[in-house]
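**Student:** The amino acid sequence is not available; the structure is as follows:
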């Protein structure tokens, strides 16, 4: 009988790496821990056709973040009504994120 591995799951690791990538993009590019509307900008950057170096970088980060979102089944937002009292980045399910996108 093999022992169950301990430590974070693949999804948990992807979730934390996603948060880190989002915050790193915000800090490096805008000197802000969490740029206003960061979650929306990163989600939509992949569809933009900006061929400047900054635009290409934003699209690459967006692709990475979307891949991590697929693995983790989630996205980070800066507060959400489903988490009353929590401030700062909040982890929401992909289903919840899709509903938020549809409302915007």
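**Tutor:** Arrived safely. Model, not experiment: these values are computed from the prediction. Numbers count the residues shown, from 1 in each chain.
**Student:** Show me the helices in this structure, by range?
**Tutor:** Shown for the chain, the helices assigned by DSSP state H span residues 10-30, 38-44, 53-72, 94-103.
**Student:** okay, those in a markdown table with mean pLDDT and mean neighbour count next?
**Tutor:** (Glycine included, C-beta is placed from N, CA and C.) Converted to a markdown table, these look like this (pLDDT from 0 to 100; neighbours: other Cβ atoms under 10 Å):
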| stretch | mean pLDDT | mean neighbour count |
| --- | --- | --- |
| helix 10-30 | 95 | 16 |
| helix 38-44 | 92 | 19 |
| helix 53-72 | 92 | 16 |
| helix 94-103 | 93 | 13 |
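**Student:** Make TSV out of those helices and add distance to residue 84.
**Tutor:** Output for the helices of the chain, formatted as TSV (distance: least, Cβ to Cβ, whole Å):
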stretch	distance to residue 84
helix 10-30	20
helix 38-44	18
helix 53-72	23
helix 94-103	14
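**Student:** Can you give me the distance of the closest residue to residue 73 other than its chain neighbours to residue 18?
**Tutor:** The shortest distance from residue 73 to any non-neighbouring residue, by Cβ to Cβ, 6 or more residues apart in numbering, is to residue 94 (5.3 Å). Remark: distance between residue 94 and residue 18 (Cβ to Cβ, to the nearest Å) = 12 Å.
**Student:** Find residues that contact each of these two.
**Tutor:** Common contacts of residue 94 and residue 18 (Cβ atoms under 8 Å, 6 or more residues apart in numbering): 69, 74-75.
**Student:** closest to residue 26 among these?
**Tutor:** Nearest to residue 26 out of the shared contacts of residue 94 and residue 18 is residue 75 (Cβ to Cβ; 14.6 Å).
**Student:** So that closest one sits against residue 39, correct?
**Tutor:** Yes: counting by Cβ atoms under 8 Å, residue 75 touches residue 39, with 6.4 Å between them.
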